[in-house]
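Chemist: Dropping the sequence and predicted coords here.
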Amino acid sequence: KHEWDKHGTCAATLEILNSQKKYFGKALELYKQVDLNSCLLKAGIKPSSSYYQMAAIKEALTRFYGVMPKIQCLPPEEGEKAQTIGQIEFCFTKELQLRNCTALKGESNPIHADLKLGTEELSVCNDALPTYYPSQVQ
């Protein structure tokens with residue numbers, strides 16, 4: 001209900017997304033099409049207890065998809081040095097083609113809000129910190 005009220009009703013201006021069934025059906029179709037885990041696995045990045053450099057993750061994603069997604073992380077826990085990936089968000093044009101999630105010069109960026117995951121705040125990942133890619137976010 002929240003996703004439809006917040007995002008779906010806006011997307012419903014497009015005929016291809018103008019009902020809850022079309023909106024969520026297309027979201028599942030795009031999710032399968034993007035197949036994020038396969039892309040990262042091909043680049044040797046897999047959910048584990050290992051740390052990765054954010055530059056390596058971004059490079060793998062832009063090389064594979066040709067666009068830059070928005071990567072959000074949980075900050076390091078007290079006494080830890082690594083951030084944890086919480087969400088990787090892909091952006092699409094109105095024609096449902098992948099596009100960069102970053103704003104172009106002179107463009108406003110509608111994707112600036114941080115996201116709450118449980119009690120933790122997700123924010124854009126810090127490129128300088130080692131990054132943990134968990135199999136599940138608690």
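Modeler: Okay, I see it. Note that the coordinates shown come from a computational prediction; the quantities given were computed from them, not determined experimentally. Numbers count the residues shown, from 1 in each chain.
Chemist: Kindly provide the distance from Gln132 to Thr93.
Modeler: That one is not Gln; residue 132 is Tyr. 32 Å (C-beta to C-beta, to the nearest Å). In short, each C-beta sits where N, CA and C put it, glycine included.
Chemist: which other residues reach stretch 9-28?
Modeler: Glu3, Trp4, Gly8, Lys94, Leu96 (C-beta atoms under 8 Å, 6 or more residues apart in numbering).
Chemist: more neighbours, Tyr132 and Thr93?
Modeler: Higher neighbour count among Tyr132 and Thr93: Tyr132, with 20 against 8, using other C-beta atoms under 10 Å.
Chemist: contacting residues for that one?
Modeler: If you count contacts by C-beta under 8 Å, 6+ apart, Tyr132 has them with Ser49, Ser50, Tyr51, Tyr52, Ala82, Gln83, Thr84, Ile85.
Chemist: can you give me phi and psi for the second one?
Modeler: Right, Ser50. In terms of degrees, to the nearest 10, the main-chain angles of Ser50 are phi -80, psi 160.
Chemist: Spit out the contact partners of it.
Modeler: Contact partners of Ser50, counting by C-beta under 8 Å, 6+ apart, are Tyr132, Tyr133.
Chemist: cool, and the fifth one?
Modeler: The neighbours of Ala82, taking C-beta under 8 Å, 6+ apart as the test, are Tyr51, Pro76, Leu129, Pro130, Thr131, Tyr132.
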